[in-house]
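Chemist: Next come a sequence and a model predicted from it.
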Amino acid sequence: MQKIKEYSSVEEAVRDIAGEAVTITDRRSVSGGDINRAYALTLSNGQRIFMKNNPGRGLGFFRAEALGLAAIGATNTISVPKVYGIGEDGSGAFLCMEMLETGPKISDFWEVFAGELAAMHRADTGAFVENGRYGFSGSNFIGATPQKNITHDSWISFFREERLLPQIELAKRYFSSGDRKMIDRFLDRLDSLLVEPEAPSLIHGDLWGGNFITGPDGKAWLIDPATYVGSAEADLAMTELFGGFSGAFYEAYREQGLLQPGYRDRKDIYNLYHLLNHLNLFGSGYLSSVMSIVRRYY
């Protein structure tokens, strides 16, 4: 897996990336999500670099993102931007990476996307978690929320202990005593509601429509991962939560044979994690969606 370089300033990173004599000639603000500031850096040699900056977060935030992108890239299945390095200076933590020039979608964009995602889900996970277990080599983030990746032998145990329970604990102020009783009963039933995957999969972890872009080759490139080794079904379920994926994508993915019988009955349980995270990040507007899923299954 790619080693992540660390720098003491953006200027040091630029010199290492492009050459000792190269300087930044333009720093232009671009769209980069709600959490970080994002810039397109133009260098004196004509090269462009995409940089994220966050003065309120430490280096670990961008290290986690860089390691997630490196893990996906190491599978050699689906494209991600190249990470040049991370660092921290007077402006805060930063991440420097390849600046992608987007192009028009290829004609079979969604079918190719599904096939490449399925190939990533089939890739060997031994480099990320040993002995066919679930988790990741370190903790990371789901959006702005810390995400623990302590390893488990069981996917269901991992999903309960490292995904649902931390979010439920963060959200406890939103739940009535009756809500919490239903949640506890739902958690007790999880072993009968979910299935263990036939094999663990490296997953993006936050695969909604805003976390892929059309790259210069006209294919889907993944960005902003919350990567870990889990169930491929959890990745696919997330694509359905907020929409934006074509029907051709789902048809092509189903043909890959990775979904076990009963996926349609399980997908909302996987998306409960993301709805809990939105409840914690954005407030009580998501409470009814959370409790609707709990009531359905408890």
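Modeler: Perfect, thanks for sending it. Numbers count the residues shown, from 1 in each chain.
Chemist: quick one, strands of the protein?
Modeler: Taking DSSP state E as the criterion, the chain contains strands spanning 6-7, 24-29, 37-43, 48-54, 83-89, 92-98, 140-142, 145-147, 201-203, 212-214, 220-222, 228-230.
Chemist: Tell me which of the ones you listed is the most buried.
Modeler: strand 228-230 (a mean of 28; mean count of other C-beta atoms under 10 Å). C-beta coordinates here come from the backbone N, C-alpha and C atoms, glycine included.
Chemist: List of residues touching that strand?
Modeler: Strand 228-230 has contacts (C-beta atoms under 8 Å, 6 or more residues apart in numbering) with 125, 128-129, 133-136, 140, 147, 149, 155, 158-159, 200-203, 205.
Chemist: repeat that with 6 Å
Modeler: Thr125, Phe128, Val129, Tyr134, Phe136, Asn149, Pro200, Leu202, Ile203, Gly205 (C-beta atoms under 6 Å, 6 or more residues apart in numbering).
Chemist: Minimum pLDDT in the residues you listed, which residue is that?
Modeler: Looking at pLDDT alone, the contacts of strand 228-230 dip lowest at Val129, where the score is 91.
Chemist: residues near that residue, how many?
Modeler: By the other C-beta atoms under 10 Å criterion, the neighbourhood of Val129 contains 21 residues.
Chemist: Just the buried residues out of the contacts of strand 228-230, in PyMOL syntax.
Modeler: Buried residues within those, as defined by 16 or more other C-beta atoms under 10 Å, are selected in PyMOL through the command that follows:
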select buried, resi 125+128+129+134+136+149+200+202+203+205
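Chemist: Run through the neighbouring helices and strands of the lengthiest helix in the chain.
Modeler: Secondary structure of the chain read by DSSP state H shows that its longest helix is helix 263-282. Packing partners of helix 263-282 (3 or more C-beta pairs under 6 Å, 6 or more residues apart in numbering; DSSP states H and E): helix 165-170, helix 232-241, helix 287-297.
Chemist: quick one, it and helix 232-241 angle?
Modeler: Between helix 263-282 and helix 232-241, the angle formed by their directions is 70 degrees, by axes from the mean of the first three to the mean of the last three C-alpha atoms, to 10 degrees.
Chemist: mind starting the numbering at 57 from now?
Modeler: Shifting the count to begin at 57 puts that one at helix 319-338.
Chemist: re earlier: so of the helices and strands packed on helix 319-338, which one's packed in deepest?
Modeler: On a mean-neighbour basis (criterion: mean count of other C-beta under 10 Å), the most buried of the helices and strands packed on helix 319-338 is helix 288-297, at a mean of 23.
Chemist: how distant is that helix from the center of its chain?
Modeler: 11 Å (C-alpha atoms, centre = their mean, to the nearest Å).
Chemist: hang on, the earlier thing: and the helices and strands packed on helix 319-338 as TSV, adding distance to Gly266 and mean pLDDT?
Modeler: Formatted as TSV, the entries for the helices and strands packed on helix 319-338 read as follows, by distance: least, C-beta to C-beta, whole Å; pLDDT from 0 to 100:
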stretch	distance to Gly266	mean pLDDT
helix 221-226	20	98
helix 288-297	11	98
helix 343-353	19	97
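Chemist: Show me which residues of stretch 115-134 are buried.
Modeler: The neighbour-count criterion (16+ other C-beta under 10 Å) identifies 115-131, 133-134 as the buried residues of stretch 115-134.
Chemist: Could you pull up the mean pLDDT of it?
Modeler: Along stretch 115-134, the predicted local confidence has a mean pLDDT of 96.
Chemist: Report how many residues lie close to the closest residue in space to Arg219 that isn't next to it in sequence.
Modeler: Ranked by C-beta to C-beta, 6 or more residues apart in numbering and with sequence neighbours excluded, the top spatial neighbour of Arg219 is Tyr329, at 4.8 Å. In terms of burial, Tyr329 registers 22 neighbours under the definition other C-beta under 10 Å.
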